[in-house]
Every structure is written in structure tokens, then in C-alpha cells.
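Enquirer: task: produce atomic coordinates for the following.
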Amino acid sequence: MVEIMDQKKFNYYIQGEKNKWEVIIGLEVHAQVLSKSKLFSSSSTKFGADPNTQVSLVDSAFPGMLPVINQYCVEQSIKTGLGLKAKINLHSVFDRKNYFYADLPQGYQISQYKNPIVGEGKIILDMPYGSKTVGIERLHLEQDAGKSIHDLDPENTYVDLNRSGVALMEIVSKPDLRSPDEVSAYVKKLRSIMRYLNTCDGNMQEGSLRADVNVSVRKVGSKEFGTRCEIKNVNSIKFMQMAIQYEAKRQIDLLEDNKTIDQETRLFDTKKNETRSMRSKEDAHDYRYFPDPDLLPLKIEKKLVDTIKKNLPELPDEKKERFIKEHNLSLYEATILVSEKEISHYYEEVVKNCDKKLAANWITGDLFAVLNKKNLSISKSPISATNLSSMIKMISTGKISGKIAKEVFEKMQSNNVDPHEIVEKEGLLQQSDPKALEKIVQEVISKNLDKVSEYKSGKIKLFGFFVGQVMKVSGGKANPQLVNNILKEKLK
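Expert: This next block holds a predicted model:
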């Protein structure tokens with residue numbers, strides 16, 4: 001099978017032995033609400049605590065214990081919904097979703113079914129082939145289950161209830177995604193929006209963000225959806241992409257062999273790079289949803305929604321448009337700089353006192369290269385925003401050349417030294433005295449009279465040779481613009 005991306009038509013499909021197949025993907029992202037306490041109890045949500053040390057009587061489902069809604073989690077969900085340009089439902093209901101796992105003490109999960117807190121919204125993706133809008137079906141609040149641990153004992157399974165009752169936002173997309181790359185862009189954009197809003201930290205390695213991936217295939221040109229399979233609890237973007245590729249090809253193989261797809265829930269084995277059957281897929285009626293009798297319907301005042309909306313921070317799409325308009329950045333530069341909250345904050349700190357376009361070039365080029373090499377996030381950058389800004393300002397004012405700046409940048413990495421100190425200590429100030437540069441230019445011309453004759457006879461590309469020689473004699477410190485101007489005059 002061959003995967004093909006037709007960028008002109010924005011289409012991704014897989015060429016099987018008999019037909020071309022389109023992949024249909026929808027995601028159910030489970031994002032942990034950034035809150036110090038759980039959805040229905042005051043237990044801590046801090047990551048990494050010893051097993052079963054953050055469990056209240058409500059979390060462990062002791063008889064007679066009643067849930068009490070955490071208002072802050074409700075507000076965080078509203079904020080997320082507004083960030084997704086979604087409808088906020090002023091009336092919503094908590095339901096009991098009934099199923100039986102060892103790590104679900106109550107025997108049901110408190111979730112939302114027909115009346116979620118957030119309705120339809122959208123996310124706009126910046127793909128290489130243009131913008132794509134992905135619909136959001138809903139966002140509902142629910143409590144997380146505990147965690148079953150199978151690898152501590154060969155015969156027993158242990159249960160840690162620290163996560164039991166932690167507030168989750170389940171964000172359900174419409175089946176608008178068509179490729180592993182679009183899934184990657186979607187999850188990154190969703191995570192970025194929630195980080196800007198400070199409603200979820202998006203730390204997938206800690207379980208704060210994970211997804212159930214729904215995959216089906218259909219022949220190119222068909223309007224009917226195929227039978228979908230749900231791949232549960234995938235906790236990295238790379239694994240999501242791998243799981244989709246495997247599952248799509250598995251389904252195509254079955255269909256081209258005249259077999260049927262069973263609607264089922266599957267797991268992704270990261271070691272074998274394959275999905276495997278977990279259980280037949282449940283429908284909503286299998287969970288026997290009914291309104292939770294211990295929780296009244298949630299009624300939200302429009303005034304609260306308006307207040308939250310008024311205080312929303314600038315989000316990635318709005319910030320991107322502002323960077324393009326005010327800072328004269330390209331779409332590519334602006335998209336990179338707003339992709340993470342920390343990156344945009346760093347950039348805005350840098351450009352307070354220096355050229356904005358030049359700052360974007362240095363950050364997305366040289367600084368990112370250093371961070372990638374050292375496997376660091378920008379919050380751990382070895383060069384502070386203040387020092388990078390100072391160095392860029394020295395380039396703009398002609399104190400150092402771009403070439404010298406590379407050397408200064410290299411020295412700044414070791415202990416984040418002020419670039420002014422490096423320039424003064426190393427004697428790297430750019431030479432901008434016209435008389436001194438004229439003397440160097442004349443010296444270069446005198447030593448290369450044959451090249452001068454060739455230049456005057458029409459070999460104008462030799463101009464670069466003269467510039468290089470002047471820079472060599474000056475130790476790279478000559479002001480390039482002045483050198484160009486003086487050479488043009490002298491070579492007449």
C-alpha cells in the first residue's frame with residue numbers, strides 16, 4: 001500500500017491493491033482541567049504523589065458520600081469552550097455512565113451525555129496546503145477513573161485511586177480529519193489553545209492529555225462513512241499517527257479481501273506498532289446513562305460567561321494575525337512564534353527593544369537550532385530574552401556585524417553573558433570609521449590590480465571578492481555597508 005498526499009486538492013488517501021481509500025478520523029481528547037482540586041472533592045490533583053494518598057471518601061465511593069461540584073472546573077471548561085469559538089450551554093446536566101472496572105470505585109462515571117456544558121465549536125489548522133477548519137462536536141465535563149497497575153506483581157493487579165475524580169474535559173471533534181498529519185496539527189493546536197488559556201497543561205507524558213482515536217475508511221468518492229473502530233487512550237501524537245496508519249491499512253486489507261469491519265474498541269501496542277482488539281464497541285445505550293440524582297442540573301448565568309469572555313487572553317490565531325500586521329512577519333514565522341505560549345512570550349520580551357523582523361529570524365533560526373540540539377524548551381533557553389534583544393540591537397545599530405553576531409551568540413550560550421561584555425572583552429566592535437576603512441580598501445585594491453582590471457572589463461562578480469578581502473584584512477569587523485559604498489567609489 002502507498003500513502004499519497006495530493007496537496008493541490010488537499011486530499012490524503014491510501015492506494016490499496018484494488019482501490020484508492022480515504023481515511024476518516026475523529027478524536028475524543030481527554031484534557032485534564034488545570035485545577036488544584038478534583039471535580040467533586042477537595043482532594044489534591046498534584047502529579048507524582050505516592051499511590052492512594054490523594055483520595056477522599058467521595059473519590060473512593062464510600063456509602064453516603066455526596067459529590068459537590070467544583071465551580072472553578074466549570075469556569076475552566078467555559079473558558080476552553082470560548083477559546084474554541086463554541087456555544088456555551090447555560091443549562092447542562094451531569095449523568096451517570098455505568099460500567100464496571102476495578103479502578104472505578106462507584107461502578108459508574110459522572111459524566112455528561114445529552115446536555116453538555118459546551119456545544120459546537122471549531123479549530124482552524126495551518127496546513128502546508130492551506131487552512132482547514134475542523135469542527136468541534138461538544139465539550140463535556142467528567143471525572144477520571146483510577147489507574148490499574150499490572151506490572152508490579154505477576155499474579156495481582158494493583159489499583160491507585162489518586163486520579164479518581166480528577167476533572168476532565170472531553171473534547172469531541174467531528175469526523176473532519178483526514179490524515180495523520182492533520183491529527184498531529186489538530187492536537188498541537190488544541191493543546192496550544194488550552195495552554196494559552198491556562199485551562200490544561202497539556203503534559204501528555206503525565207496523562208494530562210490523551211485521546212481516543214476513531215478510524216474508518218471508505219473508497220475515494222464515496223459519501224458514506226465506513227464502520228469505525230476506536231483506539232483507546234493514546235497518549236502521544238507520534239503514537240496517534242502510527243496507530244492511524246496501521247488501523248487504516250488493516251481495515252483496507254479486510255475490505256479488499258471482501259471481509260467486514262467489526263465495530264470495536266482497540267488498543268495500540270507501541271512495541272509491536274499494531275492495534276489489537278480490546279472489546280466490542282459499546283453504544284450509548286450500553287452505558288445506561290441517566291441523570292445523576294445527587295447533582296442538580298447546572299445552571300450558568302450569562303453574566304459569568306460574558307465576564308470570562310471579556311477576560312480571555314490573546315489566543316494563537318489572533319496573536320498570529322497581529323504579528324503579521326504589526327511586526328511585518330511572514331505567515332510561516334508568525335505561525336511558529338505563536339505555536340506555544342512560552343515561545344510567543346519569549347519573542348515579545350525580545351522585541352521590546354530591538355528590530356522585530358530580525359528577532360524573529362534569530363529565534364526561529366539560530367536559537368531553535370540550539371534548543372533542538374540540547375533538547376531544551378524555550379523556557380530553559382541558555383540565552384535570556386534580554387541578552388538576545390541586546391545583541392540584535394547591536395546588529396541594528398551597526399556596533400557588530402551579522403558575522404560577528406554569530407560568534408557573540410555562540411559565546412553567550414555558555415553562561416548567558418551580556419553580549420556587550422563579550423564584544424568589549426574580545427574587541428569585536430564593528431569598524432565604522434570611513435577613513436580607516438578607506439585605507440584598508442586602498443590596500444586591497446593595490447594588491448589586486450589584475451582583479452581590478454578584470455572587474456572594470458565586465459567581470460562584476462569580482463566585487464564580492466574585494467568585499468571578502470576587505471573583511472579578511474579587518475578581521476571581519478568592517479561595517480559591510482560602508483565597505484560596499486567605499487569599494488563602489490574606489491573601483492570607478
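Enquirer: give me the element T133 is part of.
Expert: Here T133 is covered by strand 130-143, with elements defined by DSSP states H and E.
Enquirer: got it, and D181?
Expert: D181 is part of helix 180-197 when elements are defined by DSSP H and E.
Enquirer: after that helix, which helix or strand is next?
Expert: Counting by DSSP H and E, the element after helix 180-197 in chain order, helix or strand, is strand 209-219.
Enquirer: quick revisit: buried residues in the strand holding T133?
Expert: Under the neighbour-count criterion of 16 or more other CB atoms under 10 Å, strand 130-143 has 132, 134, 136-143 buried. The C-beta positions use only the backbone N, C-alpha and C, and glycine is treated the same way.
Enquirer: just stretch 380-396 next, same as before
Expert: When neighbours are counted by 16+ other CB under 10 Å, the buried residues of stretch 380-396 are found to be 381, 383, 385, 387-395.
Enquirer: the strands in the stretch 251-400 of the chain, which residues?
Expert: All strands of the stretch 251-400 of the chain, identified by DSSP state E, counting those that start in this stretch, fall at 264-269, 274-280, 290-291, 298-299.
Enquirer: can you add distance to E22, mean pLDDT and mean neighbour count and give those strands back as a markdown table?
Expert: Conversion of the strands of the stretch 251-400 of the chain to a markdown table gives the following (distance: least, CB to CB, whole Å; pLDDT from 0 to 100; neighbours: other CB atoms under 10 Å):
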| stretch | distance to E22 | mean pLDDT | mean neighbour count |
| --- | --- | --- | --- |
| strand 264-269 | 20 | 94 | 18 |
| strand 274-280 | 19 | 88 | 14 |
| strand 290-291 | 38 | 94 | 14 |
| strand 298-299 | 39 | 96 | 12 |
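Enquirer: which of the ones you listed sits closest to E120?
Expert: The stretch from the strands of the stretch 251-400 of the chain with the least distance to E120 (CB to CB) is strand 298-299; that distance is 18.5 Å.
Enquirer: tell me what that closest one is packed against?
Expert: strand 91-92 (3 or more CB pairs under 8 Å, 6 or more residues apart in numbering; DSSP states H and E).
Enquirer: buried residues in the helix or strand just after the strand it packs on?
Expert: Following the chain from strand 91-92 toward its C-terminal end, the next helix or strand by DSSP H and E is strand 95-98. When burial is assessed from 16+ other CB under 10 Å, strand 95-98 yields the following buried residues: 95-97.
Enquirer: name the element I14 belongs to?
Expert: Counting by DSSP H and E, I14 is found in strand 11-15.
Enquirer: for the very next helix or strand once past that strand, what is the distance to the chain centroid?
Expert: For strand 11-15, the succeeding helix or strand toward the C-terminus, using DSSP H and E, is strand 20-32. Its chain's C-alpha centre and that of strand 20-32 lie 17 Å apart, by CA atoms, centre = their mean, to the nearest Å.
Enquirer: same thing with stretch 398-407?
Expert: Taking CA atoms, centre = their mean, the mean C-alpha location of stretch 398-407 is offset from the chain mean by 33 Å.
Enquirer: quick one: average confidence on that stretch?
Expert: Average pLDDT, stretch 398-407: 85.
Enquirer: tabulate the buried residues of strand 130-143 (a markdown table), appending pLDDT.
Expert: A markdown table is the format used below for the buried residues of strand 130-143 (pLDDT from 0 to 100):
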| residue | pLDDT |
| --- | --- |
| K132 | 94 |
| V134 | 97 |
| I136 | 98 |
| E137 | 98 |
| R138 | 98 |
| L139 | 98 |
| H140 | 98 |
| L141 | 98 |
| E142 | 97 |
| Q143 | 97 |
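Enquirer: output the strands of the stretch 251-400 of the chain in a markdown table, with distance to L482 appended to each entry.
Expert: Supplementary listing: those in a markdown table, determined by distance: least, CB to CB, whole Å:
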| stretch | distance to L482 |
| --- | --- |
| strand 264-269 | 62 |
| strand 274-280 | 64 |
| strand 290-291 | 78 |
| strand 298-299 | 70 |
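Enquirer: and of the ones you listed, who's closest to P51?
Expert: Between P51 and the strands of the stretch 251-400 of the chain, the shortest gap by CB to CB is with strand 264-269, which sits at 23.2 Å.
Enquirer: and D366, what does it touch?
Expert: When contacts are counted by CB atoms under 8 Å, 6 or more residues apart in numbering, D366 is found next to 406, 409.
Enquirer: so what's it scoring on pLDDT?
Expert: Among the per-residue scores, D366 holds a pLDDT of 95.
Enquirer: distance check, it against Y113.
Expert: D366 sits 52 Å away from Y113 when distances are taken as CB to CB, to the nearest Å.
Enquirer: surely I336 and N361 touch.
Expert: No: under the contact definition of CB atoms under 8 Å, I336 does not touch N361, with a separation of 11.3 Å.
Enquirer: more crowded one of the two?
Expert: Between I336 and N361, I336 has the larger neighbour count (other CB atoms under 10 Å), namely 20 against 14.
Enquirer: the closest residue to the more buried one other than its chain neighbours: how many residues sit nearby?
Expert: Distances taken as CB to CB, 6 or more residues apart in numbering place T364 nearest to I336, at 5.3 Å, with adjacent residues excluded. By the measure other CB under 10 Å, the count of residues near T364 is 18.
Enquirer: list the residues that contact T364.
Expert: Counted by CB under 8 Å, 6+ apart, T364 has contacts 333, 336-337.
Enquirer: now those in a markdown table, with pLDDT?
Expert: Formatted as a markdown table, the contacts of T364 follow (pLDDT from 0 to 100):
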| residue | pLDDT |
| --- | --- |
| E333 | 95 |
| I336 | 95 |
| L337 | 97 |
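Enquirer: kindly export stretch 306-317 (C-alpha atoms) in CSV.
Expert: What follows is the C-alpha trace of stretch 306-317 in CSV, where atoms were taken according to Å, rounded to 0.1, in the frame of the first residue of the first chain:
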residue,chain,number,x,y,z
ASP,A,306,-19.6,37.3,29.5
THR,A,307,-17.1,38.1,32.3
ILE,A,308,-15.0,35.1,31.4
LYS,A,309,-15.1,36.0,27.7
LYS,A,310,-14.1,39.6,28.4
ASN,A,311,-11.0,38.4,30.3
LEU,A,312,-9.8,35.9,27.8
PRO,A,313,-6.1,36.3,26.9
GLU,A,314,-5.0,36.8,23.3
LEU,A,315,-5.2,33.4,21.6
PRO,A,316,-2.8,31.9,19.0
ASP,A,317,-4.8,32.9,15.9
